[in-house]
Every structure is written in structure tokens, then in C-alpha cells.
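Enquirer: Kindly return the folded structure for what I paste below:
(one chain, ligands or ions: 1)
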Amino acid sequence: MGGREATMVLLDENGIRCDGRKVDETRRVMIKAGGLKNADGSAYIEFGDNKIVAGVFGPRDVHPKHMSDTDTGILRVRYHMEPFSVGERKNPAPSRREIEISKVIKEALEPAVMLEMFPRTVVDVFIEVLQADGGTRCAALSAASVALADAGIPMRDMVAACAAGKVADTVILDVNNEEDQAGQADMPMGYMPTLEKITLLQLDGILTPEEYEKCVEIGIKGCMQVYELQKKALSEKYFDGENGKGGRGQKR
Ligand code: CDP
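Expert: Residues are numbered from 1 along each chain as shown. Sure, this is the predicted structure:
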């Protein structure tokens, strides 16, 4: 992204973006808690055309054993893209990009997960991107957070994520793939809404200090919208869903 000349109109004279959104509008987001019966916890998210599933196992014994920590539990995250998830077939072997995204998602979740309660154990988070359309790390992080809650892992807060960015010298919320490729900046953010703490902030592109402030402000607003949908997904499963009244605490 960045650097490349825009070949399409990213923002028209009425302030409408290439996919019909206003500058401060996210794509349609749908989150479902649970769904995978063999994982301890799971979640599915659609964030625009992104389709991502997250499965959680743990806390469980660490293998290999030397990785375990006697003082705390550890978190492992694997972000993986299916070969059919992008326009050009993706090699199924882990790429540098997937290793980097796995690391940033892990670091964005760690402040929220109460790993100190489970010394010598591991919580594994597996993320599969089924379809990608820009902003997969944010969508994946949001789904992983719901999957951890669904697994009953004690957490200080949820982590909700959304990107802000810049196209046509204008700050926008939730950057799609075209905007990422042809725009000027992409700034993915992860946020703990109750603790009011940012756990992920990356920036690809260039922003002025004023634009940066505006991106943080609008990005947090996007995260808050995602947070509402994360809570809704969990409440649909545990209070209103198939488990019905008193279904609290039941799995799947
Ligand atoms: O997905 P995210 O924005 O977090 O990460 P990125 O590295 O900025 O990738 C932006 C987008 O490029 C992805 O969401 C995919 O839609 C696309 N992509 C692709 O088409 N082929 C790849 N091998 C990797 C990414």
C-alpha cells in the first residue's frame, strides 16, 4: 500500500468512498460466538467481505514442555490464510506476513487474558482467514477475543479492533482492500473498551500529527462499535440463543 497512484476514485465530491460508505462508517460487521464443537471456544466474524473463524484450546499442558513458564500461562496465536482467501492463490505455508500478524495479535490479546491464573499452561488461538478483503488482522483479533471469552478464559476486558486510515488526504474509518492498496495510510488498532487501553497500533503510511490524532479518535469509535457486536454475539449464545434462559455457562 501507499506510494502507488490511485487509479480509482477513492473519495468522490460528495465525500462517498469507493464502496459507498461515508468517511466515518465501518463495513457491515457480523459476529457469531461458538460454532465449532471440537474447540474449547470459537467465533466467526464477517467484516465486510472478510470471513474469519477463530478456535481456542486451553488452558492445557504445554508441548514442548520447555516452553512452559512456572509463573504464568502462555498464549500462542496462529493466524493463517487459506489458499483461496485472496485473489491470487496463497501458498499454504506460513508467510512472513502471517508470522508477523500472529505475533501482533498475540501481543494485542496478552494484556486482556489473565494468564497468570494458569501457570505452566498454554492457551492456543487458531485463526483461519477464509476470505480476505483488507483489515484481516483487526477482524481476526476481534474474533479471537470472542473465542477466548467463549472458551471461558478469564479476561480483564475484550479486545475490539478496527483500522483507521487516510485516502485522498482525508481520514477514514475501516480501510478496505482497495483503500489499503491505493490509499495513503492504514492504521490498525486494537482497544480494550472498559480499561480504555490500546493494545494494538500499527501504521503503514504517513500521517501528520493532527491526522494521527484524528485516526486514533475515529479508530476508537470503530472499536466501540465492534465491542457492542462482540457483546451481542456472546449474549446471543449464552442468554438468548439455543441455550435459552439459564443457558449461561453452557458450551455450544
Ligand atoms: O489484512 P490486513 O489489512 O490486516 O493486512 P495487510 O497485510 O495490510 O493486507 C491487506 C490485504 O491485502 C488483505 O486483507 C488481503 O485482502 C490482501 N492480501 C492479498 O491479496 N494477498 C496476500 N497474500 C496477502 C494479503
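Enquirer: what about the strands in this protein?
Expert: Along the chain, the stretches classed as strands by DSSP state E are 29-33, 41-47, 50-61, 74-81, 121-131, 160-167, 170-173, 185-192, 197-201, 204-205.
Enquirer: Now render these as JSON lines, adding distance to Arg96 and mean pLDDT.
Expert: Every C-beta, even on glycine, is put in place using the N, C-alpha and C of the backbone. Shown next, in JSON lines, are these (distance: least, CB to CB, whole Å; pLDDT from 0 to 100):
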{"stretch": "strand 29-33", "distance to Arg96": "28", "mean pLDDT": "98"}
{"stretch": "strand 41-47", "distance to Arg96": "23", "mean pLDDT": "98"}
{"stretch": "strand 50-61", "distance to Arg96": "20", "mean pLDDT": "97"}
{"stretch": "strand 74-81", "distance to Arg96": "12", "mean pLDDT": "98"}
{"stretch": "strand 121-131", "distance to Arg96": "16", "mean pLDDT": "98"}
{"stretch": "strand 160-167", "distance to Arg96": "20", "mean pLDDT": "98"}
{"stretch": "strand 170-173", "distance to Arg96": "27", "mean pLDDT": "98"}
{"stretch": "strand 185-192", "distance to Arg96": "17", "mean pLDDT": "98"}
{"stretch": "strand 197-201", "distance to Arg96": "18", "mean pLDDT": "98"}
{"stretch": "strand 204-205", "distance to Arg96": "15", "mean pLDDT": "97"}
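Enquirer: most packed of those?
Expert: The highest mean neighbour count among the strands of the chain, using mean count of other CB atoms under 10 Å, belongs to strand 160-167: a mean of 28.
Enquirer: which residue ranges form the helices in the chain?
Expert: For the chain, the helices defined by DSSP state H cover 96-109, 136-150, 177-182, 209-235.
Enquirer: residues from this structure in reach of the ligand?
Expert: The chain comes close to the ligand at residues 86-87, 90, 97, 132-137, 177, 180, 188, as judged by CB under 6 Å from any ligand atom.
Enquirer: before we move on, the earlier item: can you say which of the strands of the chain is nearest to Ile105?
Expert: Closest to Ile105 of these, according to CB to CB: strand 74-81, at 4.9 Å.
Enquirer: okay, the angle between that closest one and helix 136-150?
Expert: If you take axes from the mean of the first three to the mean of the last three CA atoms, to 10 degrees, strand 74-81 sits at 130 degrees to helix 136-150.
Enquirer: Nothing else from me, thank you.
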